[in-house]
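Student: need coordinates for the below:
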Amino acid sequence: MTDHLDKDYFADALHTISDDLYHLGSKVRDLWQMSTQCSACQGPIMPGSAGIDIRRTVEYVENSCGQKTAQILAVDVLAKFCASCGNAHSYPHIWRKRLAEKLDLTDCEAEEDLCSLCLKQLSASCVRVTLELMILQVGQEFPDDEGHKLTDIPIYADNILVFCPPCGSRMGRGHLQGIMNELLTALEEE
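Tutor: Residues are numbered from 1 along each chain as shown. Sure, this is the predicted structure:
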């Protein structure tokens, strides 16, 4: 009788463990599917991990009484790096130099109040386009009408280049994405 109970007990325990592993596996698979891909190593960037984005941001900046505020109008992620690759690609001045060479910029120092392309003074309140490097934590998932999305939690951001509205309109997402892809290909070959 005890042999029969032991077999049932172990069968139930194995069944429970099997169910737990199945559910754990489906959670890992769901996280894997929600992860984004590193632009350098092509590996996954899992939710909750650190990463680096190179972003093209259109923003309205207002300078009132010496206080600057920015309202983000649009964001395009041009490159995304996992923490490992991000360590090698986390320096805004290096990206500034690389992009300045590709864009034929004479002065690649990022001054927040000067357009990086035409070097004209930006007005105190204006729309501008920035290329920025953002260190972030890939955030939590939240449901919306289209399924699940991930939110990113910014840790640090720095402008790489800043463009006035006319120059910014010439620096569209497609143009900058092409340049970024060329830079990423060159980095792979180094």
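
Student: just the helices in the protein please.
Tutor: Using DSSP state H, the helices of the chain run over residues 2-34, 83-88, 92-103, 165-170, 173-189.

Student: poorly predicted segments of the chain, please.
Tutor: Low-confidence segments of the chain, defined by pLDDT under 70: 1-35, 106-111, 140-150, 190.

Student: repeat that for 50
Tutor: Counting by pLDDT under 50, the ranges of the chain that qualify are 1-2, 28-34.

Student: so it: which segments form each domain?
Tutor: The record's domain parsing of the chain by automatic domain parsing lists 1-34, 36-189.

Student: just those: most buried one?
Tutor: Of all the domains of the chain, domain 36-189 has the most neighbours on average by mean count of other C-beta atoms under 10 Å, namely a mean of 16. To be clear about C-beta, it is placed using only N, CA and C from the backbone, and glycine gets the same treatment.

Student: how long is that one end to end?
Tutor: Distance between the two ends of domain 36-189: 23 Å, counting by C-alpha to C-alpha, to the nearest Å.

Student: against residue 42, how distant is the residue lying closest to residue 62 once chain neighbours are set aside?
Tutor: Spatial nearest neighbour of residue 62, excluding adjacent residues (C-beta to C-beta, 6 or more residues apart in numbering): residue 125 at 4.5 Å. The gap separating residue 125 from residue 42 is 42 Å, by C-beta to C-beta, to the nearest Å.

Student: equivalent analysis for residue 117, please.
Tutor: For residue 117, the distance to residue 42 - C-beta to C-beta - is 32 Å.

Student: repeat for residue 180
Tutor: Distance, residue 180 to residue 42, using C-beta to C-beta: 15 Å.

Student: next one: residue 82
Tutor: Taking C-beta to C-beta, one finds residue 82 at 10 Å from residue 42.

Student: who does the residue most central in space within the chain bridge with?
Tutor: Geometric centre of the chain, nearest residue: residue 53, 3.1 Å, by C-alpha atoms, centre = their mean. Per DSSP bridges, the residues bridged to residue 53 are residue 80, residue 134.

Student: swap in the one 4 residues further on?
Tutor: When bridges are called by DSSP bridges, residue 57 pairs up with residue 75, residue 130.

Student: please name the residues that touch it.
Tutor: Taking C-beta atoms under 8 Å, 6 or more residues apart in numbering, we find residue 57 in contact with 72, 74-76, 129-132.

Student: how about a cut-off of 10 Å?
Tutor: Residues near residue 57 by C-beta atoms under 10 Å, 6 or more residues apart in numbering: 70, 72-77, 128-132, 134, 157, 159, 162.

Student: verify the stated contact: residue 165 with residue 61.
Tutor: No: Residue 165 lies out of contact with residue 61 (C-beta atoms under 10 Å); the separation is 11.3 Å.

Student: so what's in contact with these two at the same time?
Tutor: Contact with both residue 165 and residue 61 is made by residues 122-123, 126-128, according to C-beta under 10 Å, 6+ apart.
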